[in-house]
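Participant: How does the following fold in three dimensions:
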Amino acid sequence: MQALNKRVTVVDVARAAGVSPGTVSNALSGKRRVDADTRTRIEAAISDLGYRSNLAARHMRTGQTNTIAIISTMPAAVAAGSSKLGFMMEIAASAAAAAMQRDTALILVPPIASAMDALRSMAMDGALVVEPETGDPVLAYLVGAGIPTVCIGGPEGTTGAVVELDYTTIARLLIDHLRDAGAKCFPLIVGTSPRPGNLAFKTAYREMCARVGMEEKLIEVPEARAESGAADAVTQLLRTGYRFDGILVPTDAMATGVMQALRAHQLDVPTQVKVATRYDGFRARTETPQLTAVDLKLDAVATLATNYLLDVIADGTKGGRISCPEPSLIIRASSRQQ
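Facilitator: Below is the predicted model:
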């Protein structure tokens with residue numbers, strides 16, 4: 001047995017088993033076949049040396065890592081910044097708690113450029129994918145690799161399991177609220193990506209405009225320029241003389257940009273312009289004034305999705321779409337009727 005103060009490495013395991021470090025790595029990752037006799041020697045060395053408290057040996061015996069990943073493909077401009085990965089972290093915290101109850105670890109894969117490389121090198125039993133877009137490459141990779149996957153808010157036609165985020169209800173809650181609060185003309189500022197939330201908001205907004213006879217003003221902003229793009233959109237509206245008394249901006253990072261632009265042009269919220277966003281996160285709660293948003297019940301959604309994924313891993317449960325808890329509106333100062 002190695003001295004307690006020395007960290008056991010793959011090289012130590014390889015030396016004890018009489019194989020190369022590469023062979024040990026192949027056995028641990030499962031990427032390449034290792035013959036039974038060699039695998040037995042590696043497993044014995046892992047056990048003798050206490051490598052990673054025998055978790056690696058258990059992986060070799062069972063083919064499972066007792067690890068799942070949570071992944072978001074939303075650009076960092078939306079997910080990070082002042083939001084501090086709020087949407088993803090709120091889901092991840094509840095998912096980690098649910099996974100822990102079933103003796104499973106959770107790995108967070110943040111929205112970084114090298115996320116695909118990280119996934120390819122990662123040993124995991126399954127993955128939660130947060131709000132993938134139509135044709136999402138990360139989701140396509142996971143499905144193609146045969147990795148059990150549950151999407152949180154997947155688009156229509158998604159292969160596998162999906163826990164719904166009721167985007168249509170969320171959009172209608174905010175649209176109806178702005179109208180009830182007295183807004184007569186309000187643009188929709190939304191992301192350009194084909195994520196289901198963006199698509200649902202555009203559909204609900206167009207339906208409302210047609211129903212009540214309101215002029216449609218739909219502005220798409222690339223998520224990679226969330227704050228600055230939304231601020232520029234508001235500035236351009238004002239320069240063209242477009243008159244509005246509200247703004248619906250589902251993405252909270254874009255809502256931050258909207259508020260910056262309104263302040264820069266000395267427009268008071270909510271007296272002159274009422275503002276509402278989707279996610280009740282860090283940005284919504286710390287903006288001045290605080291933003292009307294929606295409680296998406298993310299704790300319940302994440303717990304439901306995590307247990308669903310672990311069931312799929314354990315017994316091969318086939319995919320399907322599961323409804324989420326009903327969202328609820330949180331009215332704050334940014335849209336209160338004066």
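Participant: L128: what secondary structure?
Facilitator: Classification of L128 using DSSP: H, G, I helix; E, B strand; the rest coil returns strand.
Participant: Find the residue at the geometric middle of the chain.
Facilitator: V130 (3.1 Å; C-alpha atoms, centre = their mean).
Participant: contacting residues for that residue?
Facilitator: I70, I71, S72, T73, M74, F87, M88, I91, C151, I152, G153 (C-beta atoms under 8 Å, 6 or more residues apart in numbering). For every residue, glycine as well, the C-beta is placed using N, CA and C.
Participant: one more time with 7 Å, if that's ok
Facilitator: V130 makes contact with I70, I71, S72, M88, I91, I152, according to C-beta atoms under 7 Å, 6 or more residues apart in numbering.
Participant: Dump those to JSON lines, plus pLDDT and distance to A45.
Facilitator: As requested, those are arranged in JSON lines below (pLDDT from 0 to 100; distance: C-beta to C-beta, whole Å):
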{"residue": "I70", "pLDDT": "94", "distance to A45": "32"}
{"residue": "I71", "pLDDT": "91", "distance to A45": "33"}
{"residue": "S72", "pLDDT": "85", "distance to A45": "38"}
{"residue": "M88", "pLDDT": "86", "distance to A45": "38"}
{"residue": "I91", "pLDDT": "91", "distance to A45": "39"}
{"residue": "I152", "pLDDT": "94", "distance to A45": "40"}
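Participant: Report the separation between the residue nearest to the centre of the chain and Q101.
Facilitator: Using C-beta to C-beta, to the nearest Å, we find V130 at a distance of 20 Å from Q101.
Participant: which regions of the stretch 151-300 of the chain lie under the pLDDT threshold?
Facilitator: Across the stretch 151-300 of the chain, the ranges flagged by pLDDT under 70 are 159.
Participant: So which residues of it form strands?
Facilitator: Using DSSP state E, counting those that start in this stretch, the strands of the stretch 151-300 of the chain run over residues 161-163, 188-191, 218-221, 246-248, 274-279, 292-295.
Participant: can I get the ones you listed in CSV with mean neighbour count and distance to R206?
Facilitator: Rendered in CSV, the data for these read as follows (neighbours: other C-beta atoms under 10 Å; distance: least, C-beta to C-beta, whole Å):
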stretch, mean neighbour count, distance to R206
strand 161-163, 24, 24
strand 188-191, 26, 9
strand 218-221, 17, 7
strand 246-248, 28, 12
strand 274-279, 27, 17
strand 292-295, 22, 20
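Participant: Reformat the ones you listed as JSON lines; add distance to R332.
Facilitator: Below are the strands of the stretch 151-300 of the chain laid out as JSON lines (distance: least, C-beta to C-beta, whole Å):
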{"stretch": "strand 161-163", "distance to R332": "27"}
{"stretch": "strand 188-191", "distance to R332": "18"}
{"stretch": "strand 218-221", "distance to R332": "23"}
{"stretch": "strand 246-248", "distance to R332": "14"}
{"stretch": "strand 274-279", "distance to R332": "9"}
{"stretch": "strand 292-295", "distance to R332": "5"}
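Participant: Show me how this protein divides into domains.
Facilitator: 10-62, 67-165+297-327, 167-296 (automatic domain parsing).
Participant: Right, I'll call it a day here.
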